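[1] would you be able to build a 3D model of this:
(2 chains)
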Amino acid sequence: MLTASTVSSTAVQDLLSHCKTLGHIKQLHAHILRTVSDHRRSSFLFNLSSSSSSININYSLSLFSSIPSPPEPFLFNLLLRNLSRSDEPRATILFYQRIRHAGGRLDQFSFTPILKAAAKVSAFFEGTELHGLALKIATLSDPFVKTAVMDMYACCGKIVEARKVFDEMPQRDVVTWNTMIVRYCRCGFLEEAFELFEEMKCSNVMPDEMILCNIVSACARSGNTGYNSAIYEFLKENDVRMDAHLLTALVTMYAGAGCMDIAREFYTKMSVRSLFVSTAMVSGFSKAGRLEDARDIFDRMEKKDLVCWTTMISAYAESDHPEEALRVFDEMCRYGTEPDEIALGSVVSACASLGVLEKATWVHEYTHRNGFESSLTVNNALINMYAKCGGLDAARGVFEEMPTKNVVSWSSMINAFSMHGEANDALALFARMKQEHVEPNDVTFVGVLYGWSHSGLVEEGKKIFASMTNEYNITPKLEHYGCMVDLFGRANRLPEALAVIESMPMAPNVVIWGSLMSACRVHGEIELGELAAKHVLELEPDHDGALVLMSNIYAREERWDDVRKVRRGMEEKNVLKEKGVSRIDLNGESHEFLIGDKRHKRSDEIYAKLKEVVSELKLAGCVPDCGSVLVDV
DNA sequence: TTAGGGTTAG
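    Purely as a prediction, here's the structure:
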């Protein structure tokens, strides 16, 4: 490549700029060493070789020794920058130590890359040293250096120190504000981030799209929907430029908060839509109960990944469309996307709400064939699925064979026993759980209390409920109070059930009042039943059970005008008593039964058998409950 | 001859 010994300085520069490989640089270097005595040449070569791609970094570092000491900052700043941006940011700090060792001095341009590297690798010790050095040589007045110092502290987990540097800055621009806001967000100090954002607006610094992007994502994470409309107004009023990052953050926030029309407004503004943002839309629509809109976005997506398929599957599984969930799952498998444990968890819960034991068994076998037999998520879902499909033994089988169990596994199994009326087994399992030192959580207690309430063991139930706060430090939730109302209600201890409702720290919902109402109906407690029904109707004016109960109470008291009023109201609003459907799947065929239903082809045989069972029950001393018979009078 | 900031789905 180089033959003449008289290459000029400009020619060297020209050749260097054309060096494409490390080999070229080495050739040139050798030539310079042979022909050029001026020591500035090696510095020059060092500098240029530092400036380009990462292949030169090691070479540049080795060249550094040939630079006469003390080196000038302009010589190594470029290499510091490249090192700090490389995959090995720690090398920046090592190189900085070499510079100091060689007696080199830093200028304000040297600090930022070293501090950035210190931030990346959390080198708090070196970072603090640099802070001191910056103070000493007065470069700390430079806003760039100050921002980098601040960021270094924040990245090393010293958010208070970072804020101190921030507060001491005489002037702050939009980057300074953003850096502090971002660091607060990363530490989870969202309120501090919002406060700073407000302060920033007051100090007449105009937020740009990066700041807004962070604030929007902080809003999304905080779950504080109070900011959502304020942000929307701000964007409209200030005509903020929106790039893909900001739009993504906006769509995610509004979709997460269920404001789907606003989310869609931003989503349609995007020219390129990532998988993330589209999946956020699918998820948002499905959580808002708008399954068709979710499906529409889903169908329009050109590329789909596992997360996106899973979102659609769980959307159907959780909104009582289990058949569709399984169809989407089949489609996903046909497209060659392998399910993971989260996807399978959704499929299993779809089977649970389908209530079809046959399908459940198939999914169970599928999970085992595909290597998920040890998966906690899948096995926990299988326990719930079998419990809901009536397969208590199968649920127990899954539970016992699990190589590792967590609190969810135990709670699911306890709940499975309770659901099937096996209170003793539920309580025995709870005792075993304690023996094995697994800490129960609030869900565990729902299962346990449910078991007690159905077994009529009132005193034990009271003790367990008290132990939640006294022994386990778990604050009872609405569901736990509901179980207690149920417990007293079933045991015909209605005043105590009412006392539970009155002692609740939160407002009772329809389920709670409904539970008391049903207990009053069963035990013929008219006055309290009326009170409970009135509360139910306050919360849900069309509640069929409460309306029927009210009309029955009035009928019993021969208040026929009131009966007619309630009945007419129900007819006008088209409130029909919801009828419970029972379904059994047998040999691939589905059989449905309604109250008084004679559609089944073997209806006669079924009713004959029913008659037989009822007479046997009567012989055993069971008396039918006629409390609801008035319903159909 | 060079410097500081961002988002994201089950």
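[2] identify each buried residue in stretch A:295-302, please.
    Within stretch A:295-302, the residues that qualify as buried are A:R295, A:I297, A:F298, A:M301, counting by 16 or more other CB atoms under 10 Å. For the C-beta atoms, the positions are set from N, CA and C on the backbone; glycine is no exception.
[3] helices or strands next to the helix or strand hosting the first one in the packing?
    Taking DSSP states H and E as the criterion, the element that holds A:R295 is helix A:291-300. Of the remaining helices and strands, those touching helix A:291-300 by 3 or more CB pairs under 8 Å, 6 or more residues apart in numbering; DSSP states H and E are helix A:275-287, helix A:306-318.
[4] out of these, which gets nearest to A:D173?
    If you check each of the helices and strands packed on helix A:291-300 against A:D173 by CB to CB, helix A:275-287 wins as the nearest, at 29.8 Å.
[5] for the closest one, which positions count as buried?
    Along helix A:275-287, the positions that meet the burial threshold by neighbour count (16+ other CB under 10 Å) are A:V277, A:S278, A:T279, A:A280, A:M281, A:V282, A:S283, A:G284, A:F285, A:S286, A:K287.
[6] pick out whichever of the residues you listed sits closest to A:Y184.
    Within these, the smallest distance to A:Y184 is 23.6 Å, found for A:A280 (CB to CB).
[7] measure stretch A:176-196 end to end?
    Its start and end residues considered, stretch A:176-196 measures 11 Å (CA to CA, to the nearest Å).
[8] got the contact list for that stretch?
    Under the contact criterion CB atoms under 8 Å, 6 or more residues apart in numbering, stretch A:176-196 has outside partners A:143, A:146-147, A:150-151, A:154-155, A:157, A:159, A:162-163, A:166, A:169, A:197, A:200, A:205, A:207-208, A:210-211, A:214-215, A:217-218, A:221-222, A:224, A:227.
[9] is DNA strand B within reach of it?
    Yes. If you take CB under 7 Å from any atom of the strand as the test, stretch A:176-196 does meet DNA strand B, through A:T176, A:N178, A:T179, A:V182, A:C185, A:R186.
[10] and the residues you listed as TSV, adding neighbour count?
    Formatted as TSV, the entries for those read as follows, by neighbours: other CB atoms under 10 Å:
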residue	neighbour count
A:T176	21
A:N178	24
A:T179	18
A:V182	20
A:C185	19
A:R186	13
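[11] what's the farthest-apart pair in these?
    A:T176 and A:R186 (16.2 Å).
[12] heading C-terminal from the helix or strand of chain A with the lowest mean pLDDT, find the next helix or strand.
    Among the secondary structure pieces of chain A, namely its helices and strands, helix A:40-51 has the lowest mean (mean pLDDT, DSSP states H and E), a mean of 61. Note on helix A:40-51: by DSSP H and E, the next helix or strand toward the C-terminus is helix A:57-64.
[13] which stretches in the stretch 1-150 of chain A count as helices?
    Across the stretch 1-150 of chain A, reading from the start of the chain, the helices by DSSP state H, counting those that start in this stretch fall at A:9-17, A:22-35, A:40-51, A:57-64, A:73-85, A:90-101, A:108-120, A:124-136, A:143-155.
[14] and the angle from the fourth one to helix A:22-35?
    With axes from the mean of the first three to the mean of the last three CA atoms, to 10 degrees defining the directions, helix A:57-64 sits at 10 degrees from helix A:22-35.
[15] check whether helix A:57-64 comes near DNA strand B.
    No. Remark: helix A:57-64 sits outside contact range of DNA strand B, by CB under 7 Å from any atom of the strand, the gap being at least 14.3 Å.
[16] relative to helix A:73-85, how tilted is that helix?
    Using the same axes, to 10 degrees: helix A:57-64 against helix A:73-85 is 150 degrees.
[17] for the residue of the stretch 301-450 of chain A found nearest DNA strand B, give me the pLDDT.
    Taking CB to the nearest atom of the strand as the measure, the stretch 301-450 of chain A has A:T310 as its residue closest to DNA strand B, at 3.3 Å. Predicted confidence (pLDDT) at A:T310: the value is 95.
[18] list phi and psi for A:E592.
    As for A:E592, its main-chain torsions (degrees, to the nearest 10) stand at phi -110, psi 140.
[19] same check, this time on A:T475
    Dihedral angles for A:T475 - degrees, to the nearest 10 - are phi -80, psi 120.
[20] that one: neighbouring residues, count only.
    10 (other CB atoms under 10 Å).
[21] just the element for the closest residue to it other than its chain neighbours, please.
    Closest residue in space to A:T475, ignoring its immediate chain neighbours: A:T469 at 6.9 Å, by CB to CB, 6 or more residues apart in numbering. A:T469 is located in helix A:458-470, with elements delineated by DSSP H and E.
[22] what packs against that helix?
    Contacts defined by 3+ CB pairs under 8 Å, 6+ apart place helix A:458-470 against helix A:442-455, helix A:478-490.
[23] can you give me the buried ones in the shortest one?
    When neighbours are counted by 16+ other CB under 10 Å, the buried residues of helix A:478-490 are found to be A:E479, A:H480, A:Y481, A:G482, A:C483, A:M484, A:V485, A:D486, A:L487, A:F488, A:G489, A:R490.
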